[in-house]
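**Student:** Need coordinates for the following:
(one chain, ligands or ions: 1)
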Amino acid sequence: MRRPVYLDYAATTPIDPRVAQTMLACLMPDGTHGNPASTAHETGRAARDVVEKARAEVAALIGAVAGDIVWTSGATESDNLAILGAARQARSGHVVTGRTEHKAVLDTCRQLEREGFAVTWLMPDRHGLHGPEQLRDALRADTRLVSIMHVNNETGVIQDIAAMADICRERGILFHTDAAQSAGKLPLDVDALGVDLMSLSAHKVYGPKGAGALYVRRAARRRLEPLMFGGGQELGLRAGTLATHQIAGMGTAFALAREELAAEHERVLELRERLWSGIEPLGAVYLNGHPERRVASILNISFAAVEGESLLLSLRGLAVSTGSACNTEVAEPSYVLRALGRDDVLAESSIRFSLGRFTTADDIDFATACVRAGVEKLRALAPEGRAPDKSLKIR
Ligand SMILES: *Cc1c(COP(=O)(O)O)cnc(C)c1O
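**Tutor:** Numbering: from 1, shown residues only. Just a heads-up that it's a prediction; the model follows:
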């Protein structure tokens, strides 16, 4: 059987072979396997040079200075460090976030509630966007931090981070953004966006899993406390020996993303338009997220008059995401789509297609044919195109 066509790039992307080369150069017997912190040895100095080159490459993609990049194990850790670190340093107070954030932010803010902090959970509009005015209304005298993601991982919606960060800066409130889904997809500049903290992940940008970074604006350093204690590495914000090979891979991934961003955007956007124009004629399909304010790589669609589980079964030839909580036993409808106002039935019959560097026109044509055949067959089985009555389903 043919391998499923991979259209799940927003979940994880394959490692670019050029990234793997850099990583191998660290791992092979004659490679850079010193401890970047032990610069008394030649091997340590070589490792430090690799790490610092990568730091400059990551910084360059987001318009930052290299010294403001802190290495982590991924965007999850970066989100934890930013949110817990800023709130705990302030000892008490209030934090604002959104309902459609990634679990790495939601669960971290829930932890803050358990520790006695107050959290406001902003509801997005039907397109998934937060209004700057809505944020302004949520701020309190004791607000310490606002955390709003740049690009949503299920819908691809792009928030107006600059406008929101501006409101926070006026009041001296720290602003954090999770940019795991915008790095390599949109031009990024921490100064233009006005953010104090930005989470990044290597594996969403064709780098290795288990590598990430947190951008920390210099002026925000002392307002953050570490999660881990040890050798004082990374400005004292993240103790532990650095994973040279992972970091080298992340650096190459970010350097490639910077070189290829514009061309890749054009190509991926064209492919996504091709997919949508193949699916839209089915009728009773709804685009999730804002029609324009979206990254090129994501297409999230609700299919009316088909049952979610059957739809997924009929798409076995495609590696796609339903956006439902796949890490739990019970498949629940996506909380992101529910927050946009989709009912449970439509939320359950939704598919996120995400495209990337290795997606071909052939993949798109195959996917289009799969979806058309699957949906048409299921709708022919359902009585007069009515959505199957979910209340009859025994759970
Ligand atoms: C993937 C992702 C994360 C988690 O990143 P890891 O590097 O896997 O920990 C966090 N936030 C968003 C928006 C993501 O897409």
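
**Student:** State which one residue of the stretch 1-150 of the chain is found closest to the ligand.
**Tutor:** Using C-beta to the nearest ligand atom, the point where the stretch 1-150 of the chain gets nearest to the ligand is Gly74, with a distance of 2.7 Å. The C-beta positions use only the backbone N, C-alpha and C, and glycine is treated the same way.

**Student:** neighbours of that residue, just the number please.
**Tutor:** Using other C-beta atoms under 10 Å, Gly74 is surrounded by 24 other residues.

**Student:** do the same with Arg144
**Tutor:** Counted by other C-beta under 10 Å, the residues lying close to Arg144 total 24.

**Student:** Pro36 too?
**Tutor:** So Pro36, with other C-beta under 10 Å, has 23 neighbours.

**Student:** Next: Met164.
**Tutor:** Neighbour count for Met164, taken as other C-beta under 10 Å: 25.

**Student:** Kindly format the C-alpha coordinates of the helix or strand hosting it as CSV.
**Tutor:** Assigned by DSSP states H and E, Met164 belongs to helix 161-170. As requested, C-alpha coordinates have been extracted for helix 161-170 and formatted as CSV (Å, rounded to 0.1, in the frame of the first residue of the first chain):
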residue,chain,number,x,y,z
ILE,A,161,0.4,40.9,17.9
ALA,A,162,1.9,44.4,17.3
ALA,A,163,-1.3,46.2,18.4
MET,A,164,-1.7,44.0,21.5
ALA,A,165,1.9,44.3,22.5
ASP,A,166,1.7,48.0,22.1
ILE,A,167,-1.1,48.3,24.7
CYS,A,168,1.0,46.2,27.1
ARG,A,169,4.2,48.2,26.6
GLU,A,170,2.3,51.4,27.5
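
**Student:** So what touches it?
**Tutor:** Applying C-beta atoms under 8 Å, 6 or more residues apart in numbering, the external contacts of helix 161-170 come out as 130, 132, 135-136, 139, 146, 148, 150, 174-175, 177, 192-196.

**Student:** Between all of the residues you listed, which two are separated the most?
**Tutor:** Across the contacts of helix 161-170, the longest distance by C-beta to C-beta is 22.1 Å; it joins Leu139 and Ala192.

**Student:** pLDDT below threshold where in the stretch 1-150 of the chain?
**Tutor:** Within the stretch 1-150 of the chain, the stretches with pLDDT under 70 are 1.

**Student:** at 90 instead, please
**Tutor:** Residue ranges of the stretch 1-150 of the chain with pLDDT under 90: 1-3, 28-44.

**Student:** how about the helices of it, start to end?
**Tutor:** Taking DSSP state H, counting those that start in this stretch to define them, one finds helices in the stretch 1-150 of the chain at 17-27, 42-61, 75-90, 103-114, 132-138.

**Student:** before we move on, the earlier item: tell me the spatial nearest neighbour of the residue of the stretch 1-150 of the chain closest to the ligand, not counting adjacent residues.
**Tutor:** Gly212 (3.9 Å; C-beta to C-beta, 6 or more residues apart in numbering).

**Student:** Contact residues of the stretch 151-300 of the chain facing the ligand?
**Tutor:** Counting by C-beta under 6 Å from any ligand atom, the positions of the stretch 151-300 of the chain adjacent to the ligand are 153, 178, 180-181, 201, 203-204, 212.

**Student:** Next step: those residues restricted to strands.
**Tutor:** Assigned to strands by DSSP state E, the following of these qualify: 178, 201, 212.

**Student:** List the contacts of the residue in the stretch 201-350 of the chain positioned nearest to the ligand.
**Tutor:** Using C-beta to the nearest ligand atom, the single residue of the stretch 201-350 of the chain nearest to the ligand is Ser201, 3.3 Å away. Ser201 sits next to 74-75, 78, 180, 183, 211-212 when contact means C-beta under 8 Å, 6+ apart.

**Student:** mind putting the residues you listed in JSON lines, distance to Cys370 included?
**Tutor:** Formatted as JSON lines, the contacts of Ser201 follow (distance: C-beta to C-beta, whole Å):
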{"residue": "Gly74", "distance to Cys370": "32"}
{"residue": "Ala75", "distance to Cys370": "31"}
{"residue": "Ser78", "distance to Cys370": "36"}
{"residue": "Ala180", "distance to Cys370": "28"}
{"residue": "Ala183", "distance to Cys370": "30"}
{"residue": "Ala211", "distance to Cys370": "33"}
{"residue": "Gly212", "distance to Cys370": "33"}
